[in-house]
Each structure stands twice: as structure tokens, then as C-alpha cells.
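Asks: my questions are about this predicted structure, shown below with the sequence.
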Amino acid sequence: MLDADRSGTATASPRAAATELAVPAAALQALPRAGLAARCRHAVLSPYARLSLLLALLAGAATCVLLFEPQRLLTHGWPPQLGGAAAAVVFAAAYGLCTVAFVPRPLLNLAAGALFGSQLGLGTALAGTVLGAAVAFGLGRALGQDALRPLLRGRWLKAADGQLSRHGFRSMLAARLFPGVPFWAANYCAAVSRMGWMPFLLATAVGSIPNTAAYAVAGARASAPTSPAFLIAMAAIALPALAGTVVAWRKRHHLRGK
């Protein structure tokens, strides 16, 4: 409230002045709290914090695999309370999670063939393959890309990143068909690049068919190792592996020659 003094000048009353000073004081007290909250939020959501979370999740998943030993499916079989389509769906989900935890796909493919036969085992294993690739790609893209992309400074790393980013489907198809590229490594390398979701998933589904089918048939015919189907499946596994070894050996000498 304004009061007039003897000279005619309007002055603020003590109550009004106290009210006007209280508002800036409250705002000033809130600034440190807001700044601390912003700094905490920035630290939690920073690229390196998210990368640390990704590494912790992968370490925890690998530990669970070592403790529960999913490879026992090959010796003990599938739980008897599950059967038919429900068993296939559960196995596909478990397959995908196991691949994220670095369980080798050949072992899972053999288990799929042994448990469900050649055809259903192939379909179940492919579904698990695509699911596991999608989970790994999503985790790498959300938690690791921002922290790892600034580290792509070497000539070979930049070349690989450019190849994956510009020719996503073709590059990933070759990685899936080539037996020497680990499944998890291809997933996380693709996640760090600028490859799109659809080329990645489509190339994974198409490129994984030959190798997955060979292992599924081998697992389904493991009880008859002299059958033509088992022998053909083993040949389909061994020949690409041998060809991949030869190509890698020649590339090694070619690079040394340079």
C-alpha cells in the first residue's frame, strides 16, 4: 500500500515492501535446488551413465547364464508341463534373451531342432534370433550409441561405420551369412552405427536362415548320425565355416602385404 509523505511523494508501506522482498528471496532459495536436480538428471541421463548401465545389464545377464546353464536343455529336455505352441513361444523368448546374454546360437539352434523337430525348430529359432537381435539393437541404440560414436576415430572404425550406415541391409546380410562374425558383435556394431531398424531386422531374418536351418536339422537328426539329412546338415555347417576361414586367412595375408 502506498502512503504519501509531507512532500507529496508516494512511498510503499512496510508490509508491501516486505511482500515484494519475500518473492525474490523464495525464488533465490529455489535456484540451488533446481540447479542440483538438473545436474543430477544430466548425470543420470548422460551417455557414459547409460553405457555403464548397458555394461551392467550385460554382465548381469552373462552371470545368470553361467548360474542357470541353459545348455542343460540338450540333456534334460524341455519342462514337461509345456507343450505345443506354448512351448515354442516360451522357447523363442528364452532363445532371444539368451543371445543377448552371449549364449552361442549354434547351441540354441541344436536345442531347437532336438526339442521341436526340423521345421518347427527352424521357425522357433528364427523367431528367437530376430527377437534377440532386436533387444540387443535397442539396448545398444538407447544406452550405448551416444557414448561410443565419438570414439569412432580410427580409419578402419570410420570405414566400418560408414559401410553399416550407408549400406545397412547388404552389410548386415553379409555379417549374418559369414560364419566368423559373432552374433552379439554384429548386433552392437549395428546399434552404434546409423543403420535403420527395418534393414537390420530384415537382413537378420533372411541371413540367418541357412545356418539356423542346418543346425536345426542336425539337432533333430542327432539320434541318427548316419542319416542323409544329418550328414547334409553337417556339411552345410562345415563348408561355410571352412570357406570363411579361408577368406579370413587370405585377407590377413593381403593386409600384411600392404
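Replies: Sure thing, it's come through. Residues are numbered from 1 along each chain as shown.

Asks: rest of the way, CA atoms for contacts and neighbours
Replies: Noted.

Asks: below-threshold pLDDT in this structure: ranges please.
Replies: Scanning the chain for pLDDT under 70 picks out the ranges 1-45, 70-83, 154, 156, 244, 247-258.

Asks: which parts of it are helices?
Replies: 14-44, 47-68, 73-76, 84-100, 105-116, 118-139, 145-148, 155-166, 168-177, 183-192, 197-207, 209-220, 228-257 (DSSP state H).

Asks: dump those to TSV, plus mean neighbour count.
Replies: Putting the helices of the chain into TSV (neighbours: other Cα atoms under 10 Å) gives the following:
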stretch	mean neighbour count
helix 14-44	11
helix 47-68	15
helix 73-76	12
helix 84-100	19
helix 105-116	25
helix 118-139	23
helix 145-148	18
helix 155-166	15
helix 168-177	20
helix 183-192	21
helix 197-207	18
helix 209-220	25
helix 228-257	14
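
Asks: pick out the residue closest to the middle of this protein.
Replies: Nearest to the mean C-alpha position of the chain, by Cα atoms, centre = their mean, lies residue 136 at 1.2 Å.

Asks: quick one: contacts for that one?
Replies: With contact taken as Cα atoms under 8 Å, 6 or more residues apart in numbering, residue 136 is in contact with 100, 184, 187-188, 191.

Asks: do residue 188 as well
Replies: By Cα under 8 Å, 6+ apart, residue 188 lies in contact with 136-137, 140.

Asks: rewinding a little: just put the contacts of residue 136 in CSV and tack on distance to residue 207.
Replies: CSV is the format used below for these (distance: Cα to Cα, whole Å):
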residue, distance to residue 207
100, 18
184, 15
187, 13
188, 17
191, 17
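
Asks: residue 52: which of these is nearest?
Replies: Closest approach between the contacts of residue 136 and residue 52, by Cα to Cα: residue 188, at 14.7 Å.

Asks: for residue 139, see how far away the closest one is.
Replies: From residue 188 across to residue 139, the span is 8 Å (Cα to Cα, to the nearest Å).

Asks: residue 223 now?
Replies: Taken as Cα to Cα, the span from residue 223 to residue 139 is 39 Å.
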